[in-house]
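[1] Sequence below, structure please.
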Amino acid sequence: MVITSKDNENVKKIRKLKDKKYRNESGKFLIEGTKLIKEAIEEKAGIDTIVVCDDCIKNGEISQDLLYEIAKYNCLYVDKKIFSNITEVQNPQGLIAVIDKKNSDNDINYNEDVIVILDDIQDPGNIGTILRTIDSVRTFTSYCF
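    The predicted model follows:
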């Protein structure tokens, strides 16, 4: 079934995810585009829902391989008008995924050393900026944690 009403409850919830406050409350965020969604699938991200623009399927804008992959998830099919109401991209690719946020604070050990690798720095001033940023982050984390 293709959703054609902007008043649909699922569409309203997804549109709310544009707001940072709601993203924090719900523990979810949006990603958009075929490349990001392919990566989310490969990384086994917590995909809650995939919003699919039905008109983009009909136009062949989404590959069949990707359509087979996303069919394994909870999909919400919407028409082009509703999709454009959800997206913030100028030229959307027809896919948006709602992803569960991970609580990454549990994975970070703030007592470990910071390692920074720089490659092919063109401007020596950039090194100074990077080092000052690292120093401020180290100082900030020592005060906070």
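[2] Please point out which parts of stretch 2-19 sit buried.
    Residues Ile3, Val11, Ile14, Arg15, Leu17 are the ones in stretch 2-19 that count as buried (16 or more other C-beta atoms under 10 Å). Placement of C-beta: from N, CA and C, glycine included.
[3] what's it in contact with?
    Applying C-beta atoms under 8 Å, 6 or more residues apart in numbering, the contact partners of stretch 2-19 are 22-23, 26, 28-30, 49, 51, 54, 76-79, 81-82, 85-86, 88, 96, 98.
[4] in the sheet, who's paired with the most centrally placed residue in the chain?
    In the chain, the residue lying closest to the centroid (C-alpha atoms, centre = their mean) is Ile31, at 3.0 Å. Counting by DSSP bridges, Ile31 is bridged to Ala97.
[5] Enumerate every residue touching it.
    So Ile31 contacts Ile37, Ala40, Ile96, Ala97, Ile99 (C-beta under 8 Å, 6+ apart).
[6] where along the chain do the strands fall?
    2-3, 28-32, 47-53, 75-78, 95-100 (DSSP state E).
[7] possible to save those strands as TSV with distance to Asp135?
    Formatted as TSV, the strands of the chain follow (distance: least, C-beta to C-beta, whole Å):
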stretch	distance to Asp135
strand 2-3	51
strand 28-32	30
strand 47-53	38
strand 75-78	46
strand 95-100	33
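[8] Indicate which one of those strands is closest to Val116.
    Minimum separation from Val116 across those (C-beta to C-beta) falls at strand 28-32, 26.8 Å.
[9] what is the rounded mean pLDDT of that closest one?
    If you average the pLDDT over strand 28-32, you get 91.
[10] which one in this structure is furthest away from the centre?
    Pro124 (33.3 Å).
[11] Distance of that residue relative to Ile130?
    11 Å (C-beta to C-beta, to the nearest Å).
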